[in-house]
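**Student:** please work out how this folds:
(one chain, ligands or ions: 1)
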Amino acid sequence: MEDFAKTGEHVIEIRDLYKSFGDLHVLRGVDLTLEKGENVVVLGRSGTGKSVLIKIIAGLLNQDRGDCIVLGKEVSQLNEKELRELRLKIGFSFQNSALYDSMTVRENLEFPLVRNIANLTRAEINEQVESVLDAVGLLQTINQVPSELSGGQRKRIGIARTLILKPEIMLYDEPTAGLDPITCLEINQLIVEVKEKYHTSSIIITHDLTCARETGDRIAMLLDGKFLKTGTFEEVFESDEPRIKSFYDYNFIQ
Ligand SMILES: Nc1ncnc2c1ncn2[C@@H]1O[C@H](COP(=O)(O)OP(=O)(O)OP(=O)(O)O)[C@@H](O)[C@H]1O
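**Tutor:** Numbering: from 1, shown residues only. Next up is the predicted model:
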């Protein structure tokens, strides 16, 4: 996979991170770095704490212990204003990329732009909306409403809506969930293209092995509250560790 912009600079640095909910010890000493220009896949079974991890990265939850440094700042130490500024640099692609049903694609994309960036002219707004729609291959849908689009198209528009603010980091939460196999391949391809076109660094959380193989420069396998193994797809799944073998065997791979 292409290593176009890896510089060794860490955009996310997580060290010895712990998070519990009462007696439920979800994260138990997680270490992870995300380099600039890198796509890291966090792979793990349902309920292993993948979403909790990205919520801590986004400052939506605080860790109990350990460091979570994003773009050079410890997230748990930020005040509301600093958090808002940081979140503008982080794009989230949520599982249910909730578009506004009553708005056209154009209006859905304009919304984050005018809300977050002051004094844009109409021409600048149009140019940015059209450019991002072109990047996700859906310029022709600009005047449609979400109910007229397929699940895969809605997912792409959700990603476009995030990209329009030119985030430095993208967090994808189960990007292929609920999509048919061909659409999954298209979304995987889009995630790789986004990295190349927008120079983002991304964390992709999934339990889809094909998605992991296609999109990840590195895979981090979360199990029992820790990363059991981190490396390329081949390095992780060449492992003899029985829990990794069993994860592989129980997940269909194309
Ligand atoms: N705010 C919360 N309060 C209490 N428990 C929580 C909270 N958030 C998550 N949990 C618990 O933490 C565990 C990990 O949840 P998480 O959503 O991170 O799993 P996941 O790996 O993302 O799973 P999935 O793939 O199903 O989304 C679950 O048992 C969940 O019930």
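
**Student:** wondering if the helix or strand of the chain with the lowest mean pLDDT reaches the ligand at all.
**Tutor:** For the chain, counting by mean pLDDT, DSSP states H and E, helix 242-249 ranks last in confidence among helices and strands (a mean of 83). No. Shown here: helix 242-249 not in contact with the ligand (C-beta under 6 Å from any ligand atom), separated by at least 12.8 Å. (C-beta placed from N, C-alpha, C; glycine too.)

**Student:** check which helices and strands that helix is in contact with.
**Tutor:** strand 218-223, strand 226-231, helix 233-237 (3 or more C-beta pairs under 8 Å, 6 or more residues apart in numbering; DSSP states H and E).

**Student:** one more time with 10 Å
**Tutor:** For helix 242-249, the packing partners by 3 or more C-beta pairs under 10 Å, 6 or more residues apart in numbering; DSSP states H and E come out as strand 39-43, strand 218-223, strand 226-231, helix 233-237.

**Student:** for the ligand, find the nearest of these.
**Tutor:** Closest of the helices and strands packed on helix 242-249 to the ligand is strand 218-223, at 7.2 Å (criterion: C-beta to the nearest ligand atom).

**Student:** quick one: strands adjacent to that closest one?
**Tutor:** Applying DSSP bridges to the sheet, strand 218-223 is found paired with strand 39-43 (parallel), strand 226-231 (antiparallel).

**Student:** any residue of that strand touching the ligand?
**Tutor:** No. Using C-beta under 6 Å from any ligand atom, strand 218-223 stays clear of the ligand, with a minimum separation of 7.2 Å.

**Student:** let's have the strands paired with strand 218-223 in TSV, adding distance to K19 and mean neighbour count.
**Tutor:** Shown next, in TSV, are those (distance: least, C-beta to C-beta, whole Å; neighbours: other C-beta atoms under 10 Å):
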stretch	distance to K19	mean neighbour count
strand 39-43	14	27
strand 226-231	12	17
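
**Student:** and the ones you listed as CSV, adding distance to I69 and mean pLDDT?
**Tutor:** Shown next, in CSV, are the strands paired with strand 218-223 (distance: least, C-beta to C-beta, whole Å; pLDDT from 0 to 100):
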stretch, distance to I69, mean pLDDT
strand 39-43, 15, 96
strand 226-231, 17, 91
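
**Student:** circling back: can you add distance to E74 and give the helices and strands packed on helix 242-249 back as JSON lines?
**Tutor:** Converted to JSON lines, the helices and strands packed on helix 242-249 look like this (distance: least, C-beta to C-beta, whole Å):
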{"stretch": "strand 39-43", "distance to E74": "20"}
{"stretch": "strand 218-223", "distance to E74": "21"}
{"stretch": "strand 226-231", "distance to E74": "20"}
{"stretch": "helix 233-237", "distance to E74": "29"}
